[in-house]
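*Asks:* 3D model of this:
(chains A and B)
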2 protein chains.
Amino acid sequence: MRTHFCGLIDESLIGQAVTLCGWADVARDLGGLCFIDLRDHEGIVQVVAEPSQAEGNAAVIATAAQVGYEDCLRVTGTVRKRESVNNRIRTGQVEVVATSIEVLNKAEPLPFHAHENPGEDIRLKYRYLDLRTPEMQRRMRVRTRLVAALRRWLDARGFQDIETPILTKATPEGARDFLVPARMHPGEFYALPQSPQLFKQILMMAGFDRYYQIARCFRDEALRADRQLEFTQLDMEFAWVEERDVQDAVERMVREVFLEVIDVELGEFPRMTYAEAMRRYGSDKPDLRIAMEFTDVAELVKSCEFKVFTDWANHEDGRVVALRAPGAASLSRKQIDELGAHAAKYGAKGVAWMKVEDAGKGREGVSSPIAKFLDDATLAAILEATGAQSGDAIFFGAATYRLASDFMGALRLKLGKDLGLVQEGWKPLWVTDFPMFEWDDEANRYVALHHPFTAPAVDSIDDLRANAKTAVSRGYDMVLNGNEIGGGSIRIHRPQMQATVFDLLGIGAGEQQAKFGFLLDALKYGAPPHGGIAFGIDRIAALMAGTESIRDVIAFPKTTGAQCLMTDAPSPIADAQLAEVHIAVRPKPAAGTGAG
Amino acid sequence: MRTHFCGLIDESLIGQAVTLCGWADVARDLGGLCFIDLRDHEGIVQVVAEPSQAEGNAAVIATAAQVGYEDCLRVTGTVRKRESVNNRIRTGQVEVVATSIEVLNKAEPLPFHAHENPGEDIRLKYRYLDLRTPEMQRRMRVRTRLVAALRRWLDARGFQDIETPILTKATPEGARDFLVPARMHPGEFYALPQSPQLFKQILMMAGFDRYYQIARCFRDEALRADRQLEFTQLDMEFAWVEERDVQDAVERMVREVFLEVIDVELGEFPRMTYAEAMRRYGSDKPDLRIAMEFTDVAELVKSCEFKVFTDWANHEDGRVVALRAPGAASLSRKQIDELGAHAAKYGAKGVAWMKVEDAGKGREGVSSPIAKFLDDATLAAILEATGAQSGDAIFFGAATYRLASDFMGALRLKLGKDLGLVQEGWKPLWVTDFPMFEWDDEANRYVALHHPFTAPAVDSIDDLRANAKTAVSRGYDMVLNGNEIGGGSIRIHRPQMQATVFDLLGIGAGEQQAKFGFLLDALKYGAPPHGGIAFGIDRIAALMAGTESIRDVIAFPKTTGAQCLMTDAPSPIADAQLAEVHIAVRPKPAAGTGAG
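*Replies:* Residues are numbered from 1 along each chain as shown, chains lettered A, B, ... in the order given. Next comes the predicted model:
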């Protein structure tokens, strides 16, 4: 239907006849002389309909005069040098003098225009109009290039792209499953996979050597601001490997793909243990673009007058942490209150602070509600330990080690942003040596920090049982600019160790057999050592495209209300159709019964 | 963990030390001299543990003596020339003399051995063992190479790989949807997509120019022998195109990919209308490897004595078709009865036949239960029209045009196989000019032959309404060796035409708006002409891998009973979990009520 793309017309085509297809981006009728900006996926070119002696000229001008926004056109014409060059578009040196204009599809007046900056709900309802904007086209193209580059890298290295089922078995660990009633098996259900974890491990036991899949995963969880019900991960698994084999390979992959897709050199990734990351940054995914680090001051405040400090400084599992924020002495009381409120969201009961007006003057130079509880020596020691400079502020958190780390870590991120202390650029790292288990007070049992198939660092079952609380796993995360973009581990490859870990997680023998019998069986019949990793494609694409929201790199995302505003999914289904799959909608609880 | 792959050890490595990982395929202990066939994904190499003066040699031999089937081993040793060359394996010129053997994982005795030719149920239950066999590894690798080759082809030509949702809206047309209850929207459901059809059309309206996706699709239909609940298609769509643009591009793609992956030259594809395919082969996906063609004989039998013939020969919508089967005169009565039974499965009430013992002898030369109803001239005319030779048989079908074509088409395929008349090789073709609608007697309305978004060949709404019964669509199928491997069309791109087609299909204005409102809207706001195609990846992979069953090219397929025998999906779900998503299992109908 066309000979060229609109956005690629250039001076090399001057004098040539071309046929173009596209949307009318702008159309102006200057009384018998019409200009149309014709747009396709490559860009825009100016089309002119002007009076001439040519046959049919009057019809061309008449058609051009009627063209409206977003009409679909086919234009034939001759390329010529443009009199008034437009440097804002790639084709700005040239224009196309139309000899024929065909309206392939007339557009009705649009419900909104992109320059009106419509709200996200409107953008999602009319997603086809939203996606037509050059910015959304650019973002989606970054994603396409990312995925293509990853595949090329993997295909060239013998990784086999293998599909695993979407209709699979419900899993008891992890997030909530989406369920699918099975028509042929009344009362039974398939579940959508939260990840292909067990299938990829089984593939290694099945003799495949290197596996990958760009896999759709599903989690029926409350949608936080930037989560989706379904998301995409690059899922990888390697047979016959140890940690560094996986890490070195995928670090190289990520480096090469960033260079190829967005021309960024990530360099070699620093490595940090989980313990170090929590100690220095209060996060297992530290944003290293922010230089601020924690200072532990428990030793300094063990016997001060401030009870919150002394309580936690003397607590076996307590932490008292100070965070020096450069230049933060200028923050207003209101801003400091906002910081406290932010930390409270992460569990802080309060955040103490100290403004350092003049670092040379000791007590005279600081202003702080807690200064009166600290003697001169303690105050001086804190200033020294944190390296505070005039104009800084110091924030303090005291709580259990985990809680203090969490809320002070959140505070660090907010301070970094508020104070403009986030450096430009890219800061990747590896975080390793995660704890094997976390104790869940509510459930009164251990839960797996990664997942129940992650190998412990120790090989001995007795050792793991004896030291479960402090056991370290063979898990690892790849972190970029404060985002966990990838997570993986070496897996358990022996049935006895797998059964032991299930046991420590409170999964009894019967439940093990019912839910994971096939895994325990497979481990018996010659399972090689294996490990892998999974990368969050939506997040990486958003980072590369320079947008905050993963919804900007997903063609048809759902809202935080779990709806597709364009198609109006989910929707009610006729009872007869539900009967076919042997289910019924539960009646709503009567009002006022308090059931939610 | 290793320096080389087992299957790639060759003479260039003689004298070198290597470390290998793999499974013990075979292990023989000849009393202090042990041979182990070590297998990885690349193949097998022989490992020898033999007495020597080297330190630790006794331990190596002791370990080797204990090795059993499918143990996971790491072996270090030196490559040397083998004394007795084994030409059945790629590494047969060499062996590895072990200096160390480490048992990474001991295997328990296997539930079966591959050479025992286990039934498919056992293979699926222990899929990890089944997939370890070289034949399954080969098949799965063909699939990986197919998909990688397709992607490479498409990526190089500007096709954008864009993901569309799996949790989407129920569609009323086509097969039965899988439903997913929506936790956040009580009483509402998502549906799994039967294909990304509407999303890919919307992408064209959203300004993308060329789209593809290797997409998972879902149909909750009775599983025929070779169907799966979920299947994979290469889904493609093109903006600003006509039929030949799509067809020429994808024909080139398929040709190049067949050449790359299995070294087959398909040549240029012949083209055939639907009408011609039905007339000559009784199928819209004719297997051209079988040369046999139909002969229409209605004109010859309009006034014979055989009522079935005359009834249908004089019926407005009747067909009387003859099929000459070379060499089929030798078929036994039992074989002929089997052929009749086969045709009956496709709706035949009976199949008449005529053996041609001696083509030169007229009535004397034939044996047939219906010969007595045909006069000499008719008999001679049939023999001449079909070109029957001595030794042939002729089969006859008489019914409505469609039914006679269907069962005689099925008979043609069975005859082709039974008589060994299926030529080796590859026979692709395009089938075009499908009817727009088929009349559904049961529903008393038209149904779409492709789908309701397929454009009619005529541009005029009035023309389509007036001639709906005979209207031809802009749909096309790619057929290979009797399989429809791809199907597509030019789509409707104007809202009025789309509404008209919905109307003709009995979808009223209210239902159109509720179910397809977003499509009708999108068509209003500047929808370009567009079209596309979808290819069945499972089937193409099976064809390339030379296997009859698509289950052989799917890592974890389900049975015809819709179960995964490995993980035991689907499975019952606790009522509390169902309550979270606002559904309940319907009570089973009481026995004896006759409800099914």
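*Asks:* for stretch A:444-463, the distance to its chain's centre please.
*Replies:* Between the centre of stretch A:444-463 and the centre of its chain there are 27 Å (Cα atoms, centre = their mean, to the nearest Å).
*Asks:* no no, stretch A:30-49
*Replies:* Centroid displacement of stretch A:30-49 relative to its chain, using Cα atoms, centre = their mean, is 39 Å.
*Asks:* close enough to count as contact, A:Arg539 and A:Ile550?
*Replies:* Yes. The pair A:Arg539 and A:Ile550 qualifies as a contact (Cβ atoms under 8 Å) at a distance of 6.0 Å. For the C-beta atoms, the positions are set from N, CA and C on the backbone; glycine is no exception.
*Asks:* now for the closest residue in space to A:Arg28 that isn't next to it in sequence: which residues touch it?
*Replies:* Leaving out its chain neighbours, the residue that sits closest to A:Arg28 by Cβ to Cβ, 6 or more residues apart in numbering or on different chains is A:Phe35, at 4.8 Å. By Cβ atoms under 8 Å, 6 or more residues apart in numbering or on different chains, the contact set of A:Phe35 is A:Val26, A:Ala27, A:Arg28, A:Gln46, A:Val47, A:Val48.
*Asks:* where are the low-confidence patches of chain A?
*Replies:* Applying pLDDT under 70 to chain A flags residues A:114, A:172-174, A:223, A:225, A:590-596.
*Asks:* re earlier: more neighbours: which of A:Arg539 and A:Ile550?
*Replies:* Higher neighbour count among A:Arg539 and A:Ile550: A:Ile550, with 24 against 20, using other Cβ atoms under 10 Å in any protein chain shown.
*Asks:* list the contacts of the residue nearest to that one when sequence neighbours are not counted.
*Replies:* Nearest in space to A:Ile550, with sequence neighbours left out and distances taken as Cβ to Cβ, 6+ apart, is A:Asp538 at 4.1 Å. Contact partners of A:Asp538, counting by Cβ under 8 Å, 6+ apart, are A:Gln228, A:Phe231, A:Thr232, A:Ile550, A:Val553, A:Ile554.
*Asks:* does the fifth one really touch A:Thr144, like I thought?
*Replies:* No. Between A:Val553 and A:Thr144 there is no contact, the gap being 9.7 Å when judged by Cβ under 8 Å.
*Asks:* got a list of contacts for the longest helix anywhere in chain A?
*Replies:* The longest helix of chain A (DSSP state H) is helix A:134-155. Identification of contacts with helix A:134-155 by Cβ under 8 Å, 6+ apart yields A:41, A:43, A:130-131, A:161, A:212, A:214, A:234, A:236, A:253, A:256-257, A:260-262, A:537, A:540-541, A:544-545, A:547, A:552-553, A:555, B:148, B:151-152, B:155, B:160-162, B:207-208.
*Asks:* for the stretch 401-550 of chain A, which segments count as strands?
*Replies:* For the stretch 401-550 of chain A, the strands defined by DSSP state E, counting those that start in this stretch cover A:428-432, A:437-440, A:445-448, A:475-480, A:483-490, A:530-536.
*Asks:* what is the end-to-end distance of stretch A:544-560?
*Replies:* End-to-end distance for stretch A:544-560: 23 Å, by Cα to Cα, to the nearest Å.
*Asks:* and that stretch, what's buried?
*Replies:* Residues of stretch A:544-560 classed as buried: A:544-545, A:547, A:550-558, A:560 (neighbour count, 16 or more other Cβ atoms under 10 Å in any protein chain shown).
*Asks:* part of a strand, is A:Leu38?
*Replies:* Yes. According to DSSP: H, G, I helix; E, B strand; the rest coil, A:Leu38 belongs to a strand.
*Asks:* contacting residues around the closest residue to it other than its chain neighbours?
*Replies:* Spatial nearest neighbour of A:Leu38, chain neighbours left out: A:Gly22 (4.4 Å); criterion: Cβ to Cβ, 6+ apart. Neighbour list for A:Gly22: A:Cys6, A:Leu38, A:Arg39, A:Asp40, A:Cys72, A:Leu73, A:Val75 [criterion: Cβ under 8 Å, 6+ apart].
*Asks:* again, 7 Å this time
*Replies:* If a contact means Cβ atoms under 7 Å, 6 or more residues apart in numbering or on different chains, then A:Gly22 has A:Cys6, A:Leu38, A:Arg39, A:Asp40, A:Leu73 as its contacts.
*Asks:* hang on, the earlier thing: mind putting the contacts of A:Asp538 into a markdown table with secondary structure?
*Replies:* Formatted as a markdown table, those follow (three-state DSSP):
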| residue | secondary structure |
| --- | --- |
| A:Gln228 | coil |
| A:Phe231 | strand |
| A:Thr232 | strand |
| A:Ile550 | helix |
| A:Val553 | helix |
| A:Ile554 | coil |
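*Asks:* which stretches in the stretch 151-300 of chain A count as helices?
*Replies:* For the stretch 151-300 of chain A, applying DSSP state H, counting those that start in this stretch gives helices covering A:197-205, A:243-262, A:274-281, A:298-301.
*Asks:* using TSV, lay out those together with distance to chain B and mean neighbour count.
*Replies:* Converted to TSV, the helices of the stretch 151-300 of chain A look like this (distance: least, Cβ to the nearest Cβ, whole Å; neighbours: other Cβ atoms under 10 Å in any protein chain shown):
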stretch	distance to chain B	mean neighbour count
helix A:197-205	4	25
helix A:243-262	7	18
helix A:274-281	25	19
helix A:298-301	43	19
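*Asks:* domain parsing of chain A, as residue ranges.
*Replies:* Using automatic domain parsing, the domain ranges for chain A come out as A:6-105, A:137-271+A:430-553, A:290-422.
*Asks:* do I have it right that A:Ala527 meets A:Met205?
*Replies:* Yes. Here A:Ala527 lies in contact with A:Met205, judged by Cβ atoms under 7 Å, at a distance of 4.5 Å.
*Asks:* ok, back up a step: using JSON lines, lay out the helices of the stretch 151-300 of chain A together with distance to B:His185.
*Replies:* Putting these into JSON lines (distance: least, Cβ to Cβ, whole Å) gives the following:
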{"stretch": "helix A:197-205", "distance to B:His185": "28"}
{"stretch": "helix A:243-262", "distance to B:His185": "37"}
{"stretch": "helix A:274-281", "distance to B:His185": "38"}
{"stretch": "helix A:298-301", "distance to B:His185": "49"}
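*Asks:* for those, which one sits closest to A:Ala471?
*Replies:* helix A:274-281 (12.3 Å; Cβ to Cβ).
*Asks:* helix, strand or coil: sort out the residue nearest to A:Arg28 for me.
*Replies:* strand.
*Asks:* any idea how far chain B is from it?
*Replies:* A:Phe35 sits 19 Å away from chain B, going by Cβ to the nearest Cβ, to the nearest Å.
*Asks:* quick one: that residue and A:Asp376, what's the gap?
*Replies:* A:Phe35 sits at a distance of 77 Å from A:Asp376 (criterion: Cβ to Cβ, to the nearest Å).
*Asks:* same check, this time on A:Gly531
*Replies:* 54 Å.
*Asks:* what about the strands in the stretch 251-400 of chain A?
*Replies:* A:271-273, A:294-296, A:318-325, A:352-356, A:366-367, A:393-400.
*Asks:* got a list of what A:Leu520 touches?
*Replies:* If a contact means Cβ under 7 Å, 6+ apart, then A:Leu520 has A:Pro495, A:Gln498, A:Ala499, A:Gln512 as its contacts.
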